[in-house]
Every structure is written in structure tokens, then in C-alpha cells.
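Participant: below are the sequence and a predicted model for it; my questions follow.
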Amino acid sequence: MEDNVKLLDVIVVGIPEVFLVYLTSIVLINGNIFVSKDYNLKLILKILLTSTIYSLLLIIIRKNINSFIAIGCISMLFIIATLRFVFQFNYRQALICGYLVMLIILFCETLSTPIVNLMRIKYSGYYFDYRFLFTIPTRIFQIVALFICLVFNLKSSEILNIQWRLLSKSKKKTFYSIVLLIVSTYLFSANYTETYMKIDLYNIDVKEIFFNIQIFFIETIAFMIVIIILLSRTIQYEEYRDILSSPRKAFERLLYNSTEKEIYYYLSLTKDYLNVIGIDMVEELLKKMKAANKNIYYHIDKSLEMTGYNFKKIYFLLEMFKDKVLGQVTFENTIITLELKDNIGFNLKIILNDIERRKLLKIIEQDLDMENLKFSIVEEGAEYRINKDKYFELEICVPYNDLEKHIKN
């Protein structure tokens, strides 16, 4: 019996299926579009119009072609073309996404088959007589797949989203490998699907092999997943091969091809590994202190970023001040400055009344034992001064020659 697709089938079955296919495609590439301004009535109408045209064309195709493989390939090419020219995907995005959504719909149909078989016990007769009813499980699985794609998608994929000319040779080779994988696995899965559908839809009495064919299809998907994992490992090797074989040359090329912002990022990573605290971490701590007490004011000289100086001990001092002093002493103002002139200058000035000043001094001298901490906090040769009179002031100056030593190191 022929698959006579009627206009009603197109409206209640074809258009919803294709609408979900295109919506899933857009989510795969752009992420969660439902919270974006791009998700609007214009986009919905564009998807709806494209889905309608595709579903109407499918009536003509199915009347003239009986091969599920041919129909599947034509469908995938149509989806790839519309993603490229209607939804403005680049060629890589359209190709990969077109394949993935076709694989998703095939997978959803395979998962829904046991449910459909149970439904056919009650609704006996030819499959196409209950087309809408039997496709409900597939639509449910499609919606589940759409929600999964909201979390796991290709939005951050460099291979798909960066301009082709900016991709490294290894990433281009990887893309070609993925395309070969796509072609082979799609042909495998389409072949299994065609065999299964012919047996199931046309009531050929060979039900013993139903389970085997489903297993073949699942094996194909598992094979594809394993290959993709292996490819991702290959990408990592290609990216780090030069570093492993010639670290100095690779590092020099990395710096040469990096922007100033990227170099600072690499520098911050290096400092973290060396347990070096940069001025950015000090500034972050001061922001937290400011958030905890509005009477704290600070100023940091931006040129300190270029020194490469380790602010670990100053950071440690500020951290003790935050933990031990802020919650116990009431003060009018606290002014903290870090400047770069002939030396690195750190100044902590606290303005408070006599009662609170005595309380502060007690904490510093007894609880923190500042005199003993003096030698560990301040490096050898640095100037150290404390004012305990009308206000409390702590000043540390790292001499210029020590600064030069830090820069060289």
C-alpha cells in the first residue's frame, strides 16, 4: 500500500514535526533563544512558513519516491539548504546541524517504536490510517530533545562559529573528519531505518528481526558518539603537539599571535600556578571590603599591573584587617592607597575616635601581634612605619631596587 499523504496529514503531522526540527536546529547553534530578543514573531513565522513549504514538497516526493534512504537524504539536503540561506547559518553550521537534527528525529522515531507497537494492538489496521495518533510519542521525544539541546548545544563550538580562515589546520582537518563521520553514520542509520520501516509498515512477516534492526541502529549511534569523543581527544593532541615537542618555540608563537588582553590572561594563570598574588586580587579583596563597609575608600595605581610584583604579603595583611578589625571596630573612614612612584607604596589610614582607636590598637598589638608580623609581612629592605597618634596609619614602601629584582624574576 502506498503512503498517500493527505493535506490533513501535512497540517497535523508534517508541519509540527518539521517546526520542531527547525526550532531544535536554531537552539543547537544559538543556544537558548527563548530568552533572547531574536526569539520573536518574525522568527516563528519564518519557521512556520519554511515548515509548511517543506511538508508540501514532501507530498510530491513521497508520491514519486519509495526509498526511505532517498527521501531521508533529500530531506536532509533541504534542511541544510534552508538553514544556510533562510536562517543565515554558515556552511559548517548548516551541514553539521542539518545532520544532527535528522539523526535526532530518527532516534526519536526509533525510541517511540515500542510505544507505537503497543498502540497498534488497540488501533489495529494500516499504520498510515492512524498517522497522527502514532506520531504523538515521536513528538514528545522531539520536545524532550529540544529541552536537552537548551543545555547541551554547539553555541560555543569554535569549529562551527569562528571564520574558516581563522581556524588552525588541525581544526580544519577535524571538521573534514566529522563530515566523513556524518556521511557514513547517516547512511548506516538510514539503511537500518529503511529496512525496519519496510518490514513494519508494510506488514512483512519477519518480526523476528525487529529487535536486531533496532540494536543495529543503536550501535550506529554509539559508534558515532565514540568517534566524536576520539576526535575531541585528537583535537586536544593537535593543539598541544607543538608545546610537547618544542615548548619554547610554541610559547613564543603563542605570545606573538596573542592580543594584549590574552597575554595578561596567560600572565594571571601563571601567577596562580606560582602562588603569586597580583594587584587584581588585591583590588578584588578591597571591593569586598568596600561592599561590607561603605566608609572604606581605596585607590589603586593601574601601572602596578606592569610590575609583576608579588602582593602576597600586603594581601595577607588586608585579609587579616578584614577578618579581625572590620567587624569589631567602628570608624569614620578608612583610606587605602597603592601607588607606583619611585617605589611601591602601600598606605592604610584609619580615622576613628579615641575609644575605637584604643580598641584597634589592642587588636593589632595583641590579637594580631603586629610587631612580630612586621618582619614576615614586609620584605627585607622595605620601609615600614606605623602612626598611632590622632589616627591609625600603616605605610609600607618597597624600594625601587627590590622592584627591579621582582621584574627580572
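Facilitator: Arrived safely.
Participant: OK, contacts around the residue positioned nearest the centre of the chain?
Facilitator: Closest to where the C-alpha atoms of the chain average out (Cα atoms, centre = their mean) is residue 156, at 5.3 Å. By Cβ atoms under 8 Å, 6 or more residues apart in numbering, the contact set of residue 156 is empty. For the C-beta atoms, the positions are set from N, CA and C on the backbone; glycine is no exception.
Participant: doesn't it fall inside a strand?
Facilitator: No - counting by DSSP: H, G, I helix; E, B strand; the rest coil, residue 156 is not part of a strand but coil.
Participant: quick one: it from residue 258, how far?
Facilitator: 20 Å (Cβ to Cβ, to the nearest Å).
Participant: residue 75 now?
Facilitator: From residue 75 to residue 258 the distance is 44 Å (Cβ to Cβ).
Participant: low-confidence stretches in the stretch 101-250 of the chain?
Facilitator: By pLDDT under 70, the low-scoring segments of the stretch 101-250 of the chain are 121, 123-130, 168, 170, 189-194, 196-217, 219-220, 224, 226-250.
Participant: tell me the domain ranges of this protein?
Facilitator: 7-245, 276-408 (automatic domain parsing).
Participant: possible to save those domains as TSV with distance to residue 267?
Facilitator: Shown next, in TSV, are the domains of the chain (distance: least, Cβ to Cβ, whole Å):
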stretch	distance to residue 267
domain 7-245	17
domain 276-408	8
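Participant: nearest to residue 265 among those would be which one?
Facilitator: Nearest to residue 265 among the domains of the chain is domain 276-408 (11.0 Å), distances taken as Cβ to Cβ.
Participant: higher neighbour count, residue 75 and residue 258?
Facilitator: residue 75 (19 against 13; other Cβ atoms under 10 Å).
Participant: and that one, helix, strand or coil?
Facilitator: Reduced to three states with three-state DSSP, the structure at residue 75 is helix.
Participant: dump the residue contacts of the nearest residue to it once chain neighbours are set aside.
Facilitator: In space, residue 75 comes closest to residue 102 once its chain neighbours are excluded; the distance is 6.8 Å by Cβ to Cβ, 6 or more residues apart in numbering. By Cβ under 8 Å, 6+ apart, the contact list for residue 102 reads 21, 72, 75-76, 79, 186.
Participant: 7 Å instead, please
Facilitator: 72, 75-76, 79, 186 (Cβ atoms under 7 Å, 6 or more residues apart in numbering).
Participant: residue 73 versus that one, what's the distance?
Facilitator: Going from residue 102 to residue 73 by Cβ to Cβ gives 9 Å.
Participant: so where do the helices sit in the stretch 51-200 of the chain?
Facilitator: Secondary structure of the stretch 51-200 of the chain (DSSP state H, counting those that start in this stretch): helices located at 68-85, 91-122, 131-151, 158-161, 169-201.
Participant: can you list the buried residues in the shortest one?
Facilitator: Residues of helix 158-161 classed as buried under the neighbour-count rule (16 or more other Cβ atoms under 10 Å) are 159-160.
Participant: helices or strands up against it?
Facilitator: Applying 3 or more Cβ pairs under 7 Å, 6 or more residues apart in numbering; DSSP states H and E, we find helix 158-161 packed against helix 91-122, helix 169-201.
Participant: among those helices, which is the most enclosed?
Facilitator: helix 91-122 (a mean of 18; mean count of other Cβ atoms under 10 Å).
Participant: and the angle for that helix with helix 68-85?
Facilitator: For helix 91-122 and helix 68-85, the angle between their directions (axes from the mean of the first three to the mean of the last three Cα atoms, to 10 degrees) works out to 140 degrees.
Participant: helix 91-122 vs helix 131-151, what angle?
Facilitator: Going by the same axes, to 10 degrees, helix 91-122 makes 140 degrees with helix 131-151.
Participant: how far does helix 91-122 sit from its chain's centre?
Facilitator: 26 Å (Cα atoms, centre = their mean, to the nearest Å).
Participant: next: stretch 76-86.
Facilitator: So, by Cα atoms, centre = their mean, the centroid of stretch 76-86 is 26 Å from its chain's centroid.
Participant: what residues does it touch?
Facilitator: 21, 25, 46, 50, 54, 89, 91, 94-95, 97-99, 101-102.
Participant: could I get these as JSON lines with distance to residue 348?
Facilitator: Formatted as JSON lines, these follow (distance: Cβ to Cβ, whole Å):
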{"residue": "21", "distance to residue 348": "63"}
{"residue": "25", "distance to residue 348": "58"}
{"residue": "46", "distance to residue 348": "61"}
{"residue": "50", "distance to residue 348": "65"}
{"residue": "54", "distance to residue 348": "70"}
{"residue": "89", "distance to residue 348": "56"}
{"residue": "91", "distance to residue 348": "59"}
{"residue": "94", "distance to residue 348": "60"}
{"residue": "95", "distance to residue 348": "60"}
{"residue": "97", "distance to residue 348": "57"}
{"residue": "98", "distance to residue 348": "62"}
{"residue": "99", "distance to residue 348": "62"}
{"residue": "101", "distance to residue 348": "61"}
{"residue": "102", "distance to residue 348": "65"}
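Participant: for these, work out which two are farthest apart.
Facilitator: Taking Cβ to Cβ, no two of the contacts of stretch 76-86 sit farther apart than 46 and 99, at 21.5 Å.
Participant: before we move on, back to that, residue 387: which of the helices of the stretch 51-200 of the chain is closest?
Facilitator: helix 158-161 (55.4 Å).
Participant: and for residue 56, the neighbour number?
Facilitator: 14.
Participant: just the one 4 residues further on next, same as before
Facilitator: When neighbours are defined as other Cβ under 10 Å, residue 60 has 10 of them.
Participant: many thanks, I have nothing further to ask.
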